[in-house]
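> let me see the structure of the following:
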Amino acid sequence: MTRSKKAYISGGFLLTAIILFAALYSCQKKKTTSESYFESMNTFMKVQCYGENSAKANQQAQECITKLEQYLSVTKPESDLFALNTISEENELLSGYPISCKIHQETAQILSFALDMAAKTDGAFNPCLYPITKAWGFTTKKYQVPDWNLIHELLRNTDYRKVRVTDDSVTLISGMMIDLGAVGKGFAGDKAIEIMKRNGIKSAILDLGGNVQTIGSKPDGNPWTVGIRDPFQQGIAASVKVMDKAVITSGGYERFFTTPDGRKYIHIIDSSTGFPVDNEVASVTAIGTSGLYCDALSTSLFVMGVQKAISFWRAVSDFDFVMITKGKKAFISKGLADSFKLAKSSDLAVIVVD
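Residues are numbered from 1 along each chain as shown. Below you'll find the model as predicted:
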């Protein structure tokens, strides 16, 4: 009887110890996972990272993104671009007059990249389209179709070749304005990932308003599965499996307005005409190691259209892409052949480009 009681007590102690150990292990496991949701750069963001310093890395990444918004916003009075654009607009009547403005190093870095990208894409990507974008109402949501003569006049203020950048200043011609919204989230994602890696994070996923960037694989060792939005209806058209990659999409469905006669105008502007792009492309997803590069690419390829975009990819071959057309075709680069998968609800015809 005594022996049985002792055995029962011992068993109870063992059970309690197991429960406590499991609880402690669970708490420890939770500490290696950090997830945050916040709003920045006019969009909703989610960051998940895994590792011993996950909470610290996550917090620092969020602070970095918020700080960059303070530099790059075109609407916040304390930002570099707001100051630059205000000075330029105030001196617009001094045609051809160069003006300069001090900027932070991060602003100089992203602007220098944007100007290089503009040259590389022959203006398909252009960070100097802000006067045109404003005229169409995409920055104020007071949408309108500007007079053609006004657009023609404003196009003179969009020549990216007239902008000069140093480590702490930018010089441009009065009347010109800069908008880095097309690459801001990609740049912020790259900086956030740098911070996470410095904190020893080897597994993370960032969703910065649809811009997805990853570190390594999922905690279980499998690749991340990233969905590509269907440009024709709610839901996902396809998905790709990636590791250490950015997956960034631009589409005509993101921001647009429709006139009373039924004409649709999207927010992506063709710098050669000053009008919103109107071609066969419905969306473009760029996939590569740099969020900044892929952010710029998704816009550039959209503006180029299918054939020019494919020719550009063949010339550089340093990224992958998914280009969905209004004709329900999905052109994908050959590097995605094994990782691309159509959603069950999708009726797209897949064409592999080599």
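> list the contacts for the closest residue to E280 other than its chain neighbours?
Nearest residue to E280, sequence neighbours excluded (C-beta to C-beta, 6 or more residues apart in numbering): T325, at 5.0 Å. To be clear about C-beta, it is placed using only N, CA and C from the backbone, and glycine gets the same treatment. With contact taken as C-beta atoms under 8 Å, 6 or more residues apart in numbering, T325 is in contact with E280, V281, A282, V306, F331.
> pLDDT score for the fourth one?
Read that as V306. Per-residue pLDDT puts V306 at 98.
> quick one, which of the contacts of T325 are buried?
Neighbour-count burial (16 or more other C-beta atoms under 10 Å) applied to these gives V281, A282, V306, F331.
> which secondary structure element contains the second one?
Right, the one you point to is A282. Using DSSP states H and E, A282 falls within strand 281-288.
> how far does stretch 79-93 sit from its chain's centre?
From the chain centre to the centre of stretch 79-93 is a distance of 25 Å (C-alpha atoms, centre = their mean, to the nearest Å).
> now do it: everything it contacts.
69-76, 97, 99, 101-104, 107, 130, 170, 172, 174-180.
> mind listing what's buried in it?
S79, D80, L81, F82, L84, N85, S88, E89.
> let's have these in TSV, adding distance to A337, pLDDT and secondary structure.
Putting those into TSV (distance: C-beta to C-beta, whole Å; pLDDT from 0 to 100; DSSP: H, G, I helix; E, B strand; the rest coil) gives the following:
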residue	distance to A337	pLDDT	secondary structure
S79	42	96	coil
D80	42	96	helix
L81	40	96	helix
F82	45	96	helix
L84	44	95	helix
N85	44	94	helix
S88	47	91	helix
E89	49	88	helix
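> would you turn those into CSV with distance to A55?
Output for the buried residues of stretch 79-93, formatted as CSV (distance: C-beta to C-beta, whole Å):
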residue, distance to A55
S79, 29
D80, 30
L81, 32
F82, 33
L84, 36
N85, 37
S88, 42
E89, 43
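> now do the same contact list for R164.
V170, T171, L172.
> ok, K334 next?
V352, V353, D354.
> who wins on neighbours among these?
Within these, most neighbours by other C-beta atoms under 10 Å means V353, with 18 neighbours.
> rewinding a little: tabulate the buried ones among the contacts of T325 (CSV), appending distance to K197.
Shown next, in CSV, are the buried ones among the contacts of T325 (distance: C-beta to C-beta, whole Å):
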residue, distance to K197
V281, 34
A282, 35
V306, 36
F331, 33
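> ok, now how distant is A315 from D122?
Counting by C-beta to C-beta, to the nearest Å, the separation of A315 from D122 is 12 Å.
> for those two, work out which one has more neighbours and name it.
Between A315 and D122, counted using other C-beta under 10 Å, D122 has the larger neighbour count: 14 against 9.
> what angle separates the strand or helix carrying I248 from strand 281-288?
Secondary-structure assignment from DSSP H and E places I248 in strand 246-251. Here the directions of strand 246-251 and strand 281-288 differ by 170 degrees (axes from the mean of the first three to the mean of the last three C-alpha atoms, to 10 degrees).
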